[in-house]
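Novice: Sequence first, then the predicted structure, then my questions.
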Amino acid sequence: MATPEFTLAEFDAALDAVGIEEGDVVIVHSSILHLGLLSDCNPRQMSDRLIDTFVDRLGASGTLTGLAPCYDYSNNAAPFDTRTSSVAKEIGVFNAALAARVDAERSANPVFSLAGIGAAVSEICVGSNASAFGAGSAWDHAVKLGAKVVMLGASFQRFTLVRYIEQLAGVPYLFVKLFRTPISRNGVELDMPVTALLRYAHMPLEYDLSRFETRLSDLGLVRTTELGGGAVSAIPAKKAVDAGIEALNEDLHYFLRVPPKYPDGELPVK
């Protein structure tokens, strides 16, 4: 079977179809291989061509960001620098290319970092603290700026904004961890606490966001269009947060396939 292809014009039309406009703040989750190949383009140049098209659509007043974590920090206690630390391969080549731009900024939380370019990137990525999702975090700034989350060939199961919602709701099956490994920006160490919302090692969880995706769709918050061999979707972050909080108020384990088993005498049960 031939690999699907699409053109830059079709990509720009897809962004238009899902409501991406000049001046928007965007958070991208990408899996561009699920879209196929960009016509008449070396695959190694594909991410940069797509980023350029995004930037042209957003204009000088817009901002393009994407998830850019460095899991070596949490897994191997490797010091993190916002400029030089690599983006985890699992996140995809588009986001890595975005973080590598010479004019890009990257937020200080290594585990759930955002990186991007554009008018509001200093506020989101430099003006934030090193919390993953707490008040003053990069995600918090982006949500309050009215960000739209764009799923670029990526499954809704990768909708990381769920963690921001879980922190706001105070779900009991996750905990906030404090990290001691140093962080820096362009070689200058940052004096700020690094915290991230994580799973308990003794309490397995299995996420299933299909109900939430349906809920957002039923509320008219998901705009989707086909592109190449996949799809592009856009979701307004603040409205998704409100819907997620409402869902967790109805069912504390709404984002999970089944509620976890809380062992007696072990955190979070006491």
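Specialist: Now that the structure is in, tell me what you want to look at.

Novice: Only C-alpha atoms from now on, for both contacts and neighbour counts.
Specialist: OK.

Novice: how close does residue 57 sit to residue 126?
Specialist: Noted for residue 57: a distance of 24 Å to residue 126, by CA to CA, to the nearest Å.

Novice: Can you name the residues in contact with stretch 126-139?
Specialist: For stretch 126-139, contacts defined as CA atoms under 8 Å, 6 or more residues apart in numbering pick out 105-109, 111-114, 124-125, 140-141, 161, 163-164, 167-168, 192-197.

Novice: what do you get if the cut-off is 6 Å, keeping everything else the same?
Specialist: Contact partners of stretch 126-139, identified using CA atoms under 6 Å, 6 or more residues apart in numbering, comprise 107, 108, 109, 112, 124, 125, 164, 194, 195, 196.

Novice: cool, stretch 65-73 as well?
Specialist: Contacts for stretch 65-73 (CA under 6 Å, 6+ apart): 26-28, 78, 87-88, 95, 110-116.

Novice: start to end distance for that stretch?
Specialist: Stretch 65-73 has an end-to-end distance of 21 Å (criterion: CA to CA).

Novice: Between the contacts of stretch 65-73, which sits nearest residue 183?
Specialist: Residue 183 lies nearest to residue 110 out of the contacts of stretch 65-73, by CA to CA, at 8.0 Å.

Novice: Farthest-apart pair in the contacts of stretch 65-73, please.
Specialist: 26 and 78 (28.9 Å).

Novice: between these two, which one's more packed in?
Specialist: Taking neighbours as other CA atoms under 10 Å, residue 26 and residue 78 compare with residue 26 leading, 28 against 15.

Novice: For the more buried one, name its beta-bridge partners.
Specialist: Counting by DSSP bridges, residue 26 is bridged to residue 64, residue 148.

Novice: check contacts around it.
Specialist: Taking CA under 6 Å, 6+ apart, we find residue 26 in contact with 64, 65, 147, 148, 149.

Novice: In PyMOL, how would I pick out whichever of the contacts of stretch 65-73 are buried, leaving the exposed ones unselected?
Specialist: Buried members of these, defined by 16 or more other CA atoms under 10 Å, are picked up in PyMOL with:
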select buried, resi 26+27+28+87+88+95+110+111+112+113+114+115+116
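
Novice: Export the contacts of stretch 65-73 as TSV, with columns for distance to residue 157, pLDDT and secondary structure.
Specialist: Listed next are the contacts of stretch 65-73 as TSV, based on distance: CA to CA, whole Å; pLDDT from 0 to 100; DSSP: H, G, I helix; E, B strand; the rest coil:
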residue	distance to residue 157	pLDDT	secondary structure
26	18	98	strand
27	15	98	strand
28	14	98	strand
78	28	97	coil
87	20	97	coil
88	17	96	coil
95	17	97	helix
110	21	98	coil
111	18	98	coil
112	16	98	coil
113	18	98	coil
114	18	98	strand
115	21	98	strand
116	22	98	strand
